[in-house]
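Q: here's a sequence, model it:
(2 chains)
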Amino acid sequence: AQSVTQLDSHVSVSEGTPVLLRCNYSSSYSPSLFWYVQHPNKGLQLLLKYTSAATLVKGINGFEAEFKKSETSFHLTKPSAHMSDAAEYFCVVTEAAGNKLTFGGGTRVLVKP
Amino acid sequence: GAVVSQHPSWVICKSGTSVKIECRSLDFQATTMFWYRQFPKQSLMLMATSNEGSKATYEQGVEKDKFLINHASLTLSTLTVTSAHPEDSSFYICSASRLAGDEADTQYFGPGTRLTVL
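A: Got it, this is the predicted structure:
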């Protein structure tokens, strides 16, 4: 069975400062891990994906995530937050193609001017 | 590439009527499409998984006779909420995954449909 825990339900940062969103997972197999972003009343947009090719994954909009197997973590970071980064972020795991996704509870990011 | 559309983006209907929501993969073929429901300030809840040409697989607690899913082609799946009631009001999101290859485990999401039942 797989599970995902997002350690912070809310994160507040000032514009221009770094953002860190924490995610821990559990999986019986070698998982694929994703980060999605959801702006209000919108669908989910894929930020990045890990599939064992490289532990540091670069995504869109300046985001990146590092897969650490020993810590079962997949934290998302961005060096400098922008106002447009204010949204809900979901860490997601799946164990195989066509399998169900398991979602974390989400982290709401607030960016202060 | 990998764009998924939904139609309509929002719908208001009277209690007891049926509503159909369409999900299309615009620039790729999708073997599998998924339907989710999202309540305010919550994560997504998977309702069902549909494969082209076969019956959908519903998650526990989801009424298959109430939420009818049809996946008639590799680019179109529909969700029909039958005899809708106010408690069916929600944000419905679909997703699609590619036919094959190293992208087959990635789901691309539609923009969602806001259903309000009066």
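
Q: what is A:Glu64 paired to in the beta sheet?
A: A:Lys58, A:Thr77 (DSSP bridges).

Q: for the spatially closest residue to B:Ser18 that is not a sequence neighbour, the count of nearby residues, please.
A: Leaving aside its sequence neighbours, B:Ser18 sits nearest to B:Thr82 (CB to CB, 6 or more residues apart in numbering or on different chains; 4.8 Å). C-betas here are computed from N, CA, C, even on glycine. Each residue near B:Thr82 was counted by other CB atoms under 10 Å in any protein chain shown, and the total is 15.

Q: what residues does chain A have near chain B?
A: Chain A comes close to chain B at residues A:32, A:34, A:36, A:41-46, A:49, A:51, A:90, A:94, A:96-101, A:103-106, as judged by CB under 8 Å from any CB of the partner chain.

Q: just the buried subset of those, please.
A: Taking 16 or more other CB atoms under 10 Å in any protein chain shown as the criterion, what is buried in the residues of chain A next to chain B is A:32, A:34, A:36, A:42-46, A:49, A:51, A:90, A:94, A:97, A:99-101, A:103-104, A:106.

Q: can you pull the contacts of the residue nearest to B:Ser18?
A: Residues near B:Thr82 by CB atoms under 8 Å, 6 or more residues apart in numbering or on different chains: B:Ser18, B:Asp65, B:Lys66, B:Phe67, B:Leu68.

Q: so which of the residues of chain A next to chain B sit within helices?
A: Per DSSP state H, helices hold no members of these.

Q: if we can go back for a sec, closest to chain A out of the contacts of B:Thr82?
A: B:Phe67 (16.6 Å; CB to the nearest CB).

Q: is it true that B:Arg24 lies in a strand?
A: Yes - remark: B:Arg24 belongs to a strand, assigned using DSSP: H, G, I helix; E, B strand; the rest coil.

Q: list the neighbouring strands of the lowest-mean-pLDDT helix or strand in chain A plus their orientation.
A: Each helix and strand of chain A was given a mean pLDDT (mean pLDDT, DSSP states H and E); the minimum falls on strand A:102-103 at a mean of 90. Paired strands of strand A:102-103, with direction, are strand A:87-94 (antiparallel) (DSSP bridges).

Q: ok, B:Tyr36 touching B:Ser90?
A: No - taking contacts as CB atoms under 8 Å, B:Tyr36 lies outside contact range of B:Ser90: 9.8 Å.

Q: so for the two, which residue has more residues nearby?
A: B:Tyr36 (25 against 20).

Q: now that one: closest residue in space that isn't a chain neighbour?
A: B:Leu44 (4.2 Å).

Q: okay, strands next: where are they in the chain?
A: Going with chain A. A:3-6, A:10-14, A:19-21, A:23-26, A:32-38, A:44-50, A:56-58, A:64-68, A:73-78, A:87-94, A:102-103, A:107-112 (DSSP state E).

Q: ah, I was thinking of chain B
A: Under DSSP E, chain B gives strands at B:4-7, B:10-13, B:19-25, B:30-38, B:44-51, B:57-58, B:67-73, B:76-81, B:90-98, B:107-109, B:113-117.

Q: any low-confidence regions in chain A?
A: Applying pLDDT under 70 to chain A flags residues A:96-98.

Q: excluding chain neighbours, what is closest to the residue nearest to the spatial centre of chain A?
A: The residue lying closest to the centre of chain A (CA atoms, centre = their mean) is A:Trp35, at 3.5 Å. Nearest residue to A:Trp35 in three dimensions, chain neighbours excluded: A:Leu47, at 4.4 Å (CB to CB, 6+ apart).
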